[in-house]
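>>> Pasting a predicted model and its sequence here:
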Amino acid sequence: MRAYWQLTLAQLRIFARNKQVIFFTLLFPVILMVALGSFVGGGNSLSLTAGVVDNDDTSSSKELKDLFYKNEGVETVDFDDVKKGKKSVEEGDIQLLIEIPEGYGESLKAGDGPFSVPVYYNEKNLTTAELGLTVVNGIIDQYSKELADYKPLVTVEKVGIEALNIRYIDFLVPGIVAMMIMSNNMNGVAGQISAWRERGILRRMQGTRLKASTFIAAQITARLLLNGTQALLVVLIANLIFNINVVGSWLALIFFIVLGTLAFMSIGFIIAGMAKNPESAGPIAGFVSFPLLFLGGVFFPINNMPDFIQPIVKVLPIAHLSSALRETMNLGTPFFELGMETLVLGAWLVGGFAIASWVFKWE
C-alpha cells in the first residue's frame, strides 16, 4: 500500500512539474468549445418545421391550424394527405406532421371529451422531435384551456419525454468532455508508458519488488484525479460562458467521467504494450482516436449516420460516453436508465485491462 501511494504522489508531481501540458490539455477543449459554441451554437434552439394535414376542413380545424402559422418558433407547411406528409418526415424535410382528423369540429361542438390529434415524428431524430413535440403540446394545451375553461378538449398522441430547449452548445459540451477524456487517457497513457519503457524506468521498477498491479493502480488513481478535475472544470467553464446547466445528478456525471477515464486508460495501456517505442505510440493512438471523434457523436448526432455504420457506432466507447453525459447533463435521465451505456463502458474497461495485462511489457 505504501508503494501505491508513493507512486501515485510521484505521478501527480510529474504532472505538476509539466505545467505546459496541463495548461494546453485544458486550453484546447475550452478553445474548441468556445469557438464552435460561438459560431455554430449561437442560436437559441434547434429549427423546427411542421407539416399540417387538415382532413376536417372546418372553421374549427382552420382555427387550430392558424395557431401553428402564427407561432414564430414553428415553420408550418400544408400537406394534402397524410401519406405525403409521412414521407417528408421520413426523408427529414420536416420534423413533425400534425394530422387534424375528420370529425374534429363536430367533436368540439358536441363536447364529447378530449379529441386526439396525431403527431408523427422521426424516431431516428429524437433530439429535434422531442423539442418539437414539447412546442406542439404547449400550443395545443394553451388552445384547449381557452376553449373550455382550462378543461382539455384536445390532447396530443405522443411517445417519449418532454425535452428541454436544447441548443447546439448543450449538445456539444458533453461531446467535448468525452473527447478530452479519450485524448488525455488513451493518447496520454500510451505516450508516457512507451517513453518510460524506452528510458529504462519500467525496467528499473521491474527490478524491485513492485507489482505490475500496484504500478497500474497508481497510474489510474493519479490520472483519475487529474483528468476528472479537468473534465469538471470544462463543465464549469461552459456553465459560466454559455449557461450550461447539469439537469441530472452530479454524482451520475462524476460516475461516467470516472468510468470513461478508466475505459480509455485501458485502451491506452493496450497501445503502450503494442508500441515498440514512443514514436510509434503516438501514430497508433492517433490512428485509433481520429475516427472515434467522428463516429462517436462528439460533434453531431450518431443517429444521422448511415445505417451500415450504426452497428459499429453502437459498440464504440466514446459513443456511449457521449450519450451518457448528454442524457445526464441535458435531459436529467436517471442513472438507472443508462444501463446500456454503463454496460458497454464497463465491458471496455474489463476487457481492455485484461488485454493490457497480457500485452504489457516492462522493457
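Cool, the structure landed.
>>> Now do the strands in the stretch 251-363 of the chain.
In the stretch 251-363 of the chain, no strands are defined using DSSP state E, counting those that start in this stretch.
>>> so what's Glu120 closest to, chain neighbours aside?
Careful, residue 120 is Tyr; it's not Glu. Spatial nearest neighbour of Tyr120, chain neighbours left out: Leu97 (4.2 Å); criterion: Cβ to Cβ, 6 or more residues apart in numbering. (Each C-beta comes from the backbone N, C-alpha and C, glycine too.)
>>> could I have the helix or strand hosting that neighbour exported to PDB, CA atoms only?
Using DSSP states H and E, Leu97 maps to strand 96-100. Output of strand 96-100 as PDB, limited to C-alpha atoms (Å, rounded to 0.1, in the frame of the first residue of the first chain):
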ATOM      1  CA  LEU A  96     -43.300  16.700 -37.400                       C
ATOM      2  CA  LEU A  97     -46.600  16.000 -39.100                       C
ATOM      3  CA  ILE A  98     -49.800  17.100 -37.400                       C
ATOM      4  CA  GLU A  99     -53.000  15.500 -38.600                       C
ATOM      5  CA  ILE A 100     -56.400  17.100 -37.900                       C
END
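>>> tally of neighbours for Ala354?
11 (other Cβ atoms under 10 Å).
>>> again, but for Phe242
19.
>>> and the residue nearest to it when sequence neighbours are not counted, how many residues sit next to it?
In this structure, Phe242 finds its nearest non-sequential neighbour in Ile169, 4.8 Å apart by Cβ to Cβ, 6+ apart. By the criterion of other Cβ under 10 Å, Ile169 has 22 neighbours.
>>> Mind pulling up the pLDDT for Ile169?
The per-residue pLDDT reported for Ile169 equals 79.
>>> With Asp54 instead?
Listed pLDDT for Asp54 reads 90.
>>> The residue nearest to Tyr120 contacts Val82, doesn't it?
Yes - using Cβ atoms under 8 Å, Leu97 makes contact with Val82 at a distance of 7.2 Å.
>>> what residues are shared contacts of those two?
Val53, Tyr120 (Cβ atoms under 8 Å, 6 or more residues apart in numbering).
>>> got a list of what the residue nearest to Met305 when sequence neighbours are not counted touches?
For Met305, ignoring the flanking residues on the chain, the nearest one in space by Cβ to Cβ, 6+ apart is Val313 at 6.3 Å. Applying Cβ under 8 Å, 6+ apart to Val313 gives the contacts Leu295, Gly296, Gly297, Ile302, Met305, Ala319.
>>> Closest to Phe255 out of those residues?
Nearest to Phe255 among the contacts of Val313: Ala319, at 17.7 Å, using Cβ to Cβ.
>>> wait, isn't that closest one in contact with Leu293?
No - Ala319 is beyond contact range of Leu293, at 11.0 Å (criterion: Cβ under 8 Å).
>>> Name the residue in the two with the higher neighbour count.
Remark: of Ala319 and Leu293, Ala319 carries more neighbours, 21 against 16, as counted by other Cβ under 10 Å.
>>> In whichever helix in the chain runs longest, which residues are buried?
In terms of residue count, the longest helix belonging to the chain (DSSP state H) is helix 212-242. Across helix 212-242, burial judged by 16 or more other Cβ atoms under 10 Å covers 214-216, 218-224, 226-228, 230-231, 234-235, 237-238, 242.
>>> Could you list the low-confidence segments of the stretch 201-350 of the chain?
201-202, 205-213, 278, 303-304 (pLDDT under 70).
>>> quick one: the helices in it?
According to DSSP state H, counting those that start in this stretch, the stretch 201-350 of the chain carries its helices in the segments 201-206, 212-242, 250-274, 278-295, 310-313, 317-326, 339-359.
>>> which of the contacts of Val313 are buried?
Among the contacts of Val313, the ones that count as buried by 16+ other Cβ under 10 Å are Leu295, Gly296, Gly297, Ile302, Met305, Ala319.
>>> Could you dump those residues into JSON lines and include distance to Ala272?
As requested, the buried ones among the contacts of Val313 are exported to JSON lines (distance: Cβ to Cβ, whole Å):
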{"residue": "Leu295", "distance to Ala272": "23"}
{"residue": "Gly296", "distance to Ala272": "21"}
{"residue": "Gly297", "distance to Ala272": "27"}
{"residue": "Ile302", "distance to Ala272": "28"}
{"residue": "Met305", "distance to Ala272": "30"}
{"residue": "Ala319", "distance to Ala272": "24"}
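>>> who's the residue nearest to Tyr120 bridged to?
Beta bridges link Leu97 to Gly51, Tyr120, judged by DSSP bridges.
>>> rewinding a little: do I have it right that the residue nearest to Phe242 meets Asn245?
No - counting by Cβ under 8 Å, Ile169 does not reach Asn245; the two are 11.7 Å apart.
>>> Count the residues that sit near the closest residue to Asn185 other than its chain neighbours.
Excluding the flanking residues, the one nearest Asn185 by Cβ to Cβ, 6+ apart is Phe264, at 4.0 Å. By other Cβ under 10 Å, the residues close to Phe264 number 31.
>>> Next up, the contacts around Ile309.
Applying Cβ under 8 Å, 6+ apart to Ile309 gives the contacts Leu295.
>>> before we move on, back to that, what is the nearest of the buried ones among the contacts of Val313 to Pro174?
Pro174 lies nearest to Gly297 out of the buried ones among the contacts of Val313, by Cβ to Cβ, at 9.3 Å.
>>> any idea how far Ala319 is from the closest one?
5 Å (Cβ to Cβ, to the nearest Å).
>>> So which residue of the protein lies furthest out from the middle?
Taking Cα atoms, centre = their mean as the measure, the residue most remote from the mean C-alpha position of the chain is Ala110, 47.3 Å away.
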